[in-house]
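**Student:** Here is a sequence together with a model predicted from it:
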Amino acid sequence: MTYVGKNNIWVRLCHQSQLKSQQGGRIVIPAEIRRKMDIHCGDQVILSYHDGELHIATRKQRLQQAKAIVKAYAGDMSLAEQLAAERRAEAND
C-alpha cells in the first residue's frame, strides 16, 4: 500500500470498488479483486470489522500472517524441536 500526504491528510491508496448489497446483505467481490486475492468458488474468506471498516482476507493470507508473527518471536528455531528438547530435559530430571 502507498500513503500520500497532502494538507496533513494521509490517504491510503488501494484498489476500491463500489458495491450494492443484495437481498440478505449479500455482496459480490469483483472478479479483478478475486483474481488478485486468489479467491476461487467455494473458498472460505475471513471478514473482520475494525474502526468502521470491513476487511476481507483469505485463510491463506491469515495463515501467512500468523506464521510471520510466530517467526518474529521464535526466529529460525523449530518450535517442535524446542518442545521436544524441553520434554527430554524434563524426562531426564
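**Tutor:** Yes, it's here.
**Student:** give me phi/psi at the residue most central in space within the chain?
**Tutor:** The C-alpha lying nearest the average C-alpha coordinate of the chain belongs to residue 62 (Cα atoms, centre = their mean; 3.6 Å). When read as degrees, to the nearest 10, the backbone of residue 62 gives phi -70, psi -40.
**Student:** Now it: closest residue in space, sequence neighbours ignored.
**Tutor:** residue 46 (5.7 Å; Cβ to Cβ, 6 or more residues apart in numbering). Yep, even glycine has a C-beta here, placed from its N, CA and C like the rest.
**Student:** Sticking with the one you found, tell me its helix or strand.
**Tutor:** In this structure, residue 46 sits in strand 45-50 according to DSSP states H and E.
**Student:** Residue 20: what secondary structure?
**Tutor:** What DSSP: H, G, I helix; E, B strand; the rest coil gives for residue 20 is coil.
**Student:** Tell me how many other residues crowd it.
**Tutor:** 7 (other Cβ atoms under 10 Å).
**Student:** For the nearest residue to it once chain neighbours are set aside, report the pLDDT, please.
**Tutor:** Leaving aside its chain neighbours, residue 20 sits nearest to residue 27 (7.9 Å; criterion: Cβ to Cβ, 6+ apart). pLDDT for residue 27: 87.
**Student:** I'd like the numbering to begin with 43 instead of 1 from here.
**Tutor:** Understood, numbering begins at 43; the last thing we discussed is residue 69.
**Student:** For residue 69, which residues are in contact?
**Tutor:** For residue 69, the contacting residues are 61, 62, 63, by Cβ atoms under 8 Å, 6 or more residues apart in numbering.
**Student:** Kindly provide the distance from the last one to residue 123.
**Tutor:** Here the criterion is Cβ to Cβ, to the nearest Å. By it, residue 63 lies 49 Å from residue 123.
**Student:** same thing with the second one?
**Tutor:** Residue 62 is 52 Å from residue 123, where distance means Cβ to Cβ.
**Student:** Check the gap between the residue nearest to the centre of the chain and residue 77 for me.
**Tutor:** Taking Cβ to Cβ, one finds residue 104 at 19 Å from residue 77.
**Student:** Which secondary structure element of this structure has the lowest mean pLDDT?
**Tutor:** strand 44-48 (a mean of 50; mean pLDDT, DSSP states H and E).
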